[in-house]
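[1] Mind looking at a prediction? Sequence and model below.
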Amino acid sequence: MERICEPELMDEPLQAQAYAQADFASSDQALLDRIAAQFGGDLGDHIVDLGCGPGNITFLLADRYPGSLVLGLDGAAAMLEIAEARRQSQPRWHQAVRFRQVVLPCADLQAGTATAVVSNSLLHHLHDPQVLWQTVRQLGSAGAVIMVRDLHRPASAEELDALLAVQMAGAPEVLRTDYANSLRAAFRCEEVVDQLRLAGLNTLKVARAGDRYLEVSGRLPLA
Ligand SMILES: C[S@@+](CC[C@H](N)C(=O)[O-])C[C@H]1O[C@@H](n2cnc3c(N)ncnc32)[C@H](O)[C@@H]1O
């Protein structure tokens, strides 16, 4: 199946609300567990969550790594409004979490300061995937932990329909449509391997994760 891009930003208020209300708890938790299994209990003092949306992963990171400041970046004001309201609602996140509205690529970011860069489900939104990989290079410090998870594009329309039937049973129409569009916009592992080679990110590995995700993980070089 050919890739079909979808709009980059999720800045429609209804779309952002539907996303924020959807239950991604088990797959979000699985991502946190994968990070802990690979990199242990310390990600350093500055974690960046790229394409953070309403902050689902950002807050889980803050709770799992209380010694770190977690910065969530997203270009969509509608998403960040929800994220910021959630941050305000919990005193423990007031110091530990920050959000900033940034459309990637962005030259005005503190280069080389992130001890870990995490991103969930941003890659497939980007019309040019190098935007993600260049941002990883831009933000990551030497030896930084990198964990990027995204959807894996199905091989055929039939495979896409089967995934929708299992994973979106009973979901609101706006979410079903978003999910189908996201699967069509996603990359396949071999494409991501080529992207990493082009970006010079040779220390990162690409692997399938379950029936719908791919995962890119590793550390940036030490020097
Ligand atoms: C599917 S959501 C994922 C949200 C979050 N990472 C999560 O796992 O719940 C993708 C997010 O990426 C953001 N995004 C897409 N393209 C972007 C860009 N060029 N710059 C900044 N954010 C972008 C969208 O606005 C959206 O909030």
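    Sure, I can see it.

[2] For this structure, which residue gets nearest to the ligand?
    Nearest residue of the chain to the ligand: residue 53, at 2.6 Å (Cβ to the nearest ligand atom). Quick note: C-beta positions are derived from backbone N, CA and C, even for glycine.

[3] Break down the chain into its helices, ranges please.
    Taking DSSP state H, the helices of the chain run over residues 13-21, 25-39, 56-64, 77-89, 91-96, 130-139, 157-167, 173-185, 189-199.

[4] tell me how far the fourth one is from the chain's mean position?
    Right, the one you point to is helix 77-89. 17 Å (Cα atoms, centre = their mean, to the nearest Å).

[5] interface residues of the chain facing the ligand?
    Within reach of the ligand by Cβ under 6 Å from any ligand atom, the chain has these residues: 8-10, 51-53, 56-57, 74-76, 79, 103-104, 120-122, 125-126.

[6] what about the residue of the chain closest to the ligand, neighbour count?
    24 (other Cβ atoms under 10 Å).

[7] Then residue 198?
    Residue 198 has 11 nearby residues by other Cβ under 10 Å.

[8] With residue 38 instead?
    Residue 38 has 13 nearby residues by other Cβ under 10 Å.

[9] so what's it closest to, chain neighbours aside?
    Distances taken as Cβ to Cβ, 6 or more residues apart in numbering place residue 217 nearest to residue 38, at 5.9 Å, with adjacent residues excluded.

[10] Residue 146 and residue 9, how far apart?
    In this view, residue 146 and residue 9 are 23 Å apart by Cβ to Cβ, to the nearest Å.
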